[in-house]
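> just a sequence and a predicted model for now, questions to come.
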Amino acid sequence: MYVEKKWQTNREKVAFAKSFPGRLMKWDAAIGKKVERVVFVHEKETGLAIFEEGTFIFIPSPDPEPAELIQSLLAGRSFLEPYYKEAYSELDQWISADKEMQRKARLENIMGAIRNNLPQIPELKEALKRFLEKDA
């Protein structure tokens, strides 16, 4: 249940990031615009070229992988958020929802593994009790 919800939440988060306001989809759209700032994701070669009116394009490719897309938006946040405060708020909500669904999906996977293995490994129940008491 949560595994499917996690995948759906992630797809919706990525779709939102891809449609982020101010995003230029092609380099041709940047002709005549003045670059205000270039922001890179940590030490990677991906990031954003931000133009003076708050539009931006992903670099080096205008169509990055989903993880790089979101990392780049977060790296450019301090410069773009004044233009797109509501969009960043929504992105934060998607990121939070995705993390929560990931947490619940992991729990679901662990519980499923325990349920599926308990009949074949009778000592699993006692081993889990000892494990939980040790960490309590």
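Nice, I can see it. Numbers count the residues shown, from 1 in each chain.
> what about Val38, which SS state?
What DSSP: H, G, I helix; E, B strand; the rest coil gives for Val38 is strand.
> now swap in Glu68 and tell me
helix.
> in the chain, where is pLDDT below threshold?
For the chain, residues meeting the criterion pLDDT under 70 lie at 135-136.
> tell me where it has strands.
35-40, 47-51, 56-59 (DSSP state E).
> most tightly surrounded among those?
Ranked by mean neighbour count under mean count of other CB atoms under 10 Å, the strands of the chain are led by strand 56-59, which reaches a mean of 22. In this view, the C-beta of every residue, glycine as well, is placed from N, C-alpha and C.
> can you list contacts of it?
Contact with strand 56-59 is made by 22-25, 27, 29-30, 38, 46-50, 64, 68-69, 72, 76, 80, as judged by CB atoms under 8 Å, 6 or more residues apart in numbering.
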